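Colleague: can't give you the sequence, but here's the structure:
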């Protein structure tokens, strides 16, 4: 990948930044589409859920939320690798299916329903695509800023560093350092956005599953099984957490449901 980037920089020394941003975004979209369908099955085994009452409950939820799923409800053997529970909508078209981790099948049916409702909310709100667009914009902005910085060799001379030349290995190293710093600067903002989206999904789940109790109970069990800190310090949440603390999630969903 570094070699390809160097070739693009040498080929288009003034336009490499937007070409790289477009290719990077397209690659990200490609991975979002193929990972659940082609890559995840290489590491996990799937089988259909045989609990007809649970399947019917979840299919009714899909109907209430307007979610089109043709592939049925499946179980994934997550217990071979983790204690964490999860549920998801994966695939597209005829392959689109509901997947439940076997680590969460001992939850109460209403808790499983609430967890799936939360995941459905991400799809209803187009959160994945919103984040992809945001990442693409920030990638383009970072590469553009790096391109502008590379036009001032005096900056690198003042640091005693090699002056990056488009297409030269030195430019790849300098770009990697710059984009790492850029990512660190933007990370708290993206994590703040992610926490806001999680609150929205919690409210969606409470609305479509009859109240806050099921999602609150499910979140509590997920927190324990995932060994998550239920009340981390505020600075840790701001800097590192993509999900809000458990107590705050439960309080907010109960206030708004």
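Modeller: Yep, it's here. As the structure is a prediction and not an experimental result, all values here were calculated from the model.
Colleague: how does this protein divide up, domain by domain?
Modeller: Following automatic domain parsing, the chain resolves into domains at 2-31+126-256, 34-109.
Colleague: and the residue nearest the centre of the chain, which of the three is it?
Modeller: The centroid of the chain falls nearest to residue 128 when counting by CA atoms, centre = their mean (6.7 Å). Assigned with DSSP: H, G, I helix; E, B strand; the rest coil, residue 128 falls in the helix class.
Colleague: let me know the pLDDT of it.
Modeller: On pLDDT, residue 128 comes in at 90.
Colleague: ok, residue 252 - contacts?
Modeller: With contact set as CB atoms under 8 Å, 6 or more residues apart in numbering, residue 252 has these partners: 199, 202-203, 244. Backbone N, C-alpha and C define where each C-beta goes, glycine included.
Colleague: so which strand or helix has it?
Modeller: For residue 252, the host element (DSSP states H and E) is helix 246-256.
Colleague: which positions within that helix qualify as buried?
Modeller: Neighbour-count burial for helix 246-256 flags 246, 249-250, 252-253 (criterion: 16 or more other CB atoms under 10 Å).
Colleague: reformat those as JSON lines; add distance to residue 190 and pLDDT.
Modeller: Converted to JSON lines, those look like this (distance: CB to CB, whole Å; pLDDT from 0 to 100):
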{"residue": "246", "distance to residue 190": "21", "pLDDT": "90"}
{"residue": "249", "distance to residue 190": "19", "pLDDT": "93"}
{"residue": "250", "distance to residue 190": "24", "pLDDT": "91"}
{"residue": "252", "distance to residue 190": "20", "pLDDT": "91"}
{"residue": "253", "distance to residue 190": "23", "pLDDT": "91"}
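Colleague: out of those residues, which is nearest to residue 29?
Modeller: Closest approach to residue 29 among those (CB to CB): residue 249, at 29.4 Å.
Colleague: show me what contacts that closest one?
Modeller: Taking CB under 8 Å, 6+ apart, one finds 198-199, 202, 219, 243 in contact with residue 249.
Colleague: could you dump the residues you listed to TSV with distance to residue 188, secondary structure and pLDDT?
Modeller: Formatted as TSV, those follow (distance: CB to CB, whole Å; DSSP: H, G, I helix; E, B strand; the rest coil; pLDDT from 0 to 100):
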residue	distance to residue 188	secondary structure	pLDDT
198	15	helix	96
199	17	helix	96
202	21	helix	96
219	23	helix	91
243	14	coil	93
